[in-house]
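Undergrad: Sequence and predicted structure, then a few things I'm wondering about:
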Amino acid sequence: MARDVIDPTPIEKRDDLVAWFEGGIKPKSHFRIGTEHEKFVFTLKDHAPVPYEGRHGIRALLDGMQMLLGWDPIMEGDHPIGLFDVTHGGAISLEPGGQFELSGAPVETVHQTWGELTAHLVQLREVATPLGIGFLGLGMTPTWRRDEIPAMPKGRYRIMTNYMPKVGSLGLDMMYRTCTVQVNLDFSSEADMVKKLRVSLALQPVGTALFANSPFTEGRPNGFLSFRSEIWRDTDNARSGMLPWAFEPGMGFERWVDYALDVPMYFIKRGDKYIDVAGKSFRDFFAGKLADMPGERPTISDWANHVSTIFPEVRLKRYLEMRGSDGGPWRRLPALPAFWVGLLYDDACLDAAWDIAKGWTAEERQKLRDEVPRLGFKAEIGGRSLLDITRECVDLAHAGLKRRNRLNPRGDDETRYLAPLAEIVERGTTPAEVLLAEVAGPWGGDLDRVFTEYAY
């Protein structure tokens, strides 16, 4: 979940909303990579969820990380709910059920993403281990019931928790029982944004299959390879999905503004107070006609925070966010930015990726997205298996990273981070299928072993 934006600039006209997105345009020389990952927090003693309060709770973990890093605390009332690195721009935040998220700083290379991740985990273990806390890398908590999981003291999450059951059957599972890895990438123009958005939307099921890693719910196989992805199909369809209109003529920043204006709001923040306006219209708010706040007009903060509550498979902010992948083992996390950077930051690979998907209809794209959570690489589109398409995409990403030629001090380029994905494609099975086989085979049905084998 996004960190709230603070910008009291009033919005005077619709063009201001468009201009906010246009503010993300950068020259290619300034393109950056932002990687975010979430992880479940568990007690080392009995593999239970960790409460917020207490000597060995999540608050104590945040306090310890602040002392170690010197980052500024993010407070809600008297409660620390995250940390912010004012020097480099990274942040640590809490998801609704205490999932611990690193929102990485914008960096130039995947090597730096790897360095940031490994430094974070070393720092985290230094604080967490004495507290008896561990971290699990999966797309969905494999054993916990939802009623076992503590709620974090964040106003926006209380509003969302009340609203979710009104608009879908799985929204609370999304909030409290899932983890993702995400990469945020830049665009150089409106046309570049549109092309990258279309390619990444169409091919997001590839990222879902490559990282599919949530086949267990409450100790039993749930029938899916990525149940986290399935959850999004019945969370809140007014703010999620494959955005078929993004492939229609006239797509651009204005079209996204029109879409976002009609996505129902969750909240308005004034000072430290969250005002519950769940289900109400931002378009009415923009016109000063919101019944809950008569005559009040939105600010840039309101717009940025509203945009952060839209959850399609790829989200436009002042950059593009790839949202389709399950969290997983820490060594595999940098493979996601490597994959999308190779595809989208190299013009030839971006063109080739569009050639793969440009002939697909909206119905075909939707069918693929709907089938991948259950079928993984066995899903098909346009007469091709997803495994075949994935192999082609991984090869393209490799070529794109090779041409980027960003080297680490040892002279390695960024293709090294694609190795886990190449192994998955060579094997032809998703990570979830590997986990299912491990539990059924060498683990002898002991799913609890996941808390050691898949721990960070």
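TA: That came through, no problem. Numbering: from 1, shown residues only.
Undergrad: Return the distance of stretch 162-176 from the chain's centre.
TA: 17 Å (Cα atoms, centre = their mean, to the nearest Å).
Undergrad: What's the end-to-end length of it?
TA: 13 Å (Cα to Cα, to the nearest Å).
Undergrad: contacts for it?
TA: Residues external to stretch 162-176 that are found in contact with it (Cβ atoms under 8 Å, 6 or more residues apart in numbering): 95-97, 140, 146, 149, 151, 157, 160-161, 228, 230-238, 266, 276, 278-279. C-beta coordinates here come from the backbone N, C-alpha and C atoms, glycine included.
Undergrad: Mind giving me the ChimeraX command for buried ones among those?
TA: Of the contacts of stretch 162-176, the buried ones can be selected in ChimeraX as follows, counting by 16 or more other Cβ atoms under 10 Å:
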select :95,96,97,140,149,157,160,161,228,230,231,232,235,236,266,276,278
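Undergrad: Helices of the stretch 1-150 of the chain, residue ranges please.
TA: 14-22, 58-69, 110-131 (DSSP state H, counting those that start in this stretch).
Undergrad: Let me have the ones you listed in TSV, adding mean neighbour count, distance to Phe247 and mean pLDDT as columns.
TA: TSV is the format used below for those (neighbours: other Cβ atoms under 10 Å; distance: least, Cβ to Cβ, whole Å; pLDDT from 0 to 100):
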stretch	mean neighbour count	distance to Phe247	mean pLDDT
helix 14-22	17	18	97
helix 58-69	19	41	97
helix 110-131	17	29	97
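Undergrad: Mind putting those into CSV with distance to Ala419?
TA: Formatted as CSV, the helices of the stretch 1-150 of the chain follow (distance: least, Cβ to Cβ, whole Å):
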stretch, distance to Ala419
helix 14-22, 35
helix 58-69, 30
helix 110-131, 12
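Undergrad: Out of these, which is closest to Trp443?
TA: helix 110-131 (24.3 Å; Cβ to Cβ).
Undergrad: quick one: that closest one to chain centroid distance?
TA: That offset, for helix 110-131, works out to 19 Å (Cα atoms, centre = their mean).
Undergrad: what residues does stretch 291-301 touch?
TA: So stretch 291-301 is contacted by 4-11, 16, 20, 268-269, 275, 277, 280, 282, 284-286, 288, 290, 306 (Cβ under 8 Å, 6+ apart).
Undergrad: and if we set it to 10 Å?
TA: 4-12, 16-17, 19-20, 23, 265, 268-270, 275-277, 280-282, 284-290, 302, 305-306 (Cβ atoms under 10 Å, 6 or more residues apart in numbering).
Undergrad: now the end-to-end length of that stretch.
TA: 20 Å.
Undergrad: Can you identify the strand in the chain that spans the most residues?
TA: Using DSSP state E to define each element, the chain has its longest strand at strand 33-43.
Undergrad: quick one: that strand to chain centroid distance?
TA: 10 Å.
Undergrad: still on that earlier bit, out of the contacts of stretch 291-301, which are inside strands?
TA: 268-270, 275-276.
Undergrad: filter these to the buried ones?
TA: Buried, going by 16+ other Cβ under 10 Å: 268-269, 276, out of these.
Undergrad: Arg315 in helix, strand or coil?
TA: The three-state label given to Arg315 by DSSP: H, G, I helix; E, B strand; the rest coil is strand.
Undergrad: burial of it, as a residue count?
TA: 22 (other Cβ atoms under 10 Å).
Undergrad: next one: the one 4 residues further on
TA: Other residues lying near Tyr319 total 21 when counted by other Cβ under 10 Å.
Undergrad: List the residues that contact it.
TA: Contacts of Tyr319 by Cβ under 10 Å, 6+ apart are 21, 24, 26, 31-34, 106, 183-187, 193, 196.
Undergrad: quick one: which of those is most hemmed in?
TA: Val183 (29 neighbours).
Undergrad: wait, doesn't it sit right on Ser103?
TA: No: contact between Val183 and Ser103 fails when scored by Cβ atoms under 10 Å: they sit 11.4 Å apart.
Undergrad: list residues touching both of the two?
TA: With Cβ under 10 Å, 6+ apart, Val183 and Ser103 have common neighbours 34-37.
Undergrad: Let me know the outermost residue of this structure.
TA: Relative to the centre of the chain, the most outlying C-alpha is that of Gly295, 35.1 Å out, by Cα atoms, centre = their mean.
Undergrad: Can you give me the distance of that residue to Arg283?
TA: 16 Å (Cβ to Cβ, to the nearest Å).
Undergrad: returning to that earlier point: just the CA trace of the longest strand of the chain, in PDB.
TA: Once non-C-alpha atoms are left out, strand 33-43 reads as follows in PDB (Å, rounded to 0.1, in the frame of the first residue of the first chain):
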ATOM      1  CA  ILE A  33      14.000   1.300 -11.200                       C
ATOM      2  CA  GLY A  34      12.000   1.100  -8.000                       C
ATOM      3  CA  THR A  35      11.400  -2.400  -6.400                       C
ATOM      4  CA  GLU A  36       8.900  -3.000  -3.700                       C
ATOM      5  CA  HIS A  37       8.500  -6.300  -1.800                       C
ATOM      6  CA  GLU A  38       6.300  -7.500   1.000                       C
ATOM      7  CA  LYS A  39       7.000 -10.300   3.500                       C
ATOM      8  CA  PHE A  40       5.000 -12.000   6.200                       C
ATOM      9  CA  VAL A  41       6.200 -11.500   9.700                       C
ATOM     10  CA  PHE A  42       6.100 -14.600  12.000                       C
ATOM     11  CA  THR A  43       7.300 -15.700  15.400                       C
END
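Undergrad: Output the below-cut-off pLDDT ranges for the stretch 1-150 of the chain.
TA: For the stretch 1-150 of the chain, applying pLDDT under 70 flags the ranges 1-5.
Undergrad: do that again at 80, thanks
TA: Applying pLDDT under 80 to the stretch 1-150 of the chain picks out residues 1-6.
Undergrad: Please enumerate the helices of the stretch 351-456 of the chain.
TA: Counting by DSSP H, counting those that start in this stretch, the helices of the stretch 351-456 of the chain are 362-375, 386-404, 419-427, 431-440, 450-453.
Undergrad: Export the ones you listed as TSV, with columns for mean pLDDT, distance to Leu68 and mean neighbour count.
TA: Formatted as TSV, these follow (pLDDT from 0 to 100; distance: least, Cβ to Cβ, whole Å; neighbours: other Cβ atoms under 10 Å):
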stretch	mean pLDDT	distance to Leu68	mean neighbour count
helix 362-375	98	38	19
helix 386-404	98	33	21
helix 419-427	98	29	17
helix 431-440	98	31	19
helix 450-453	97	24	16
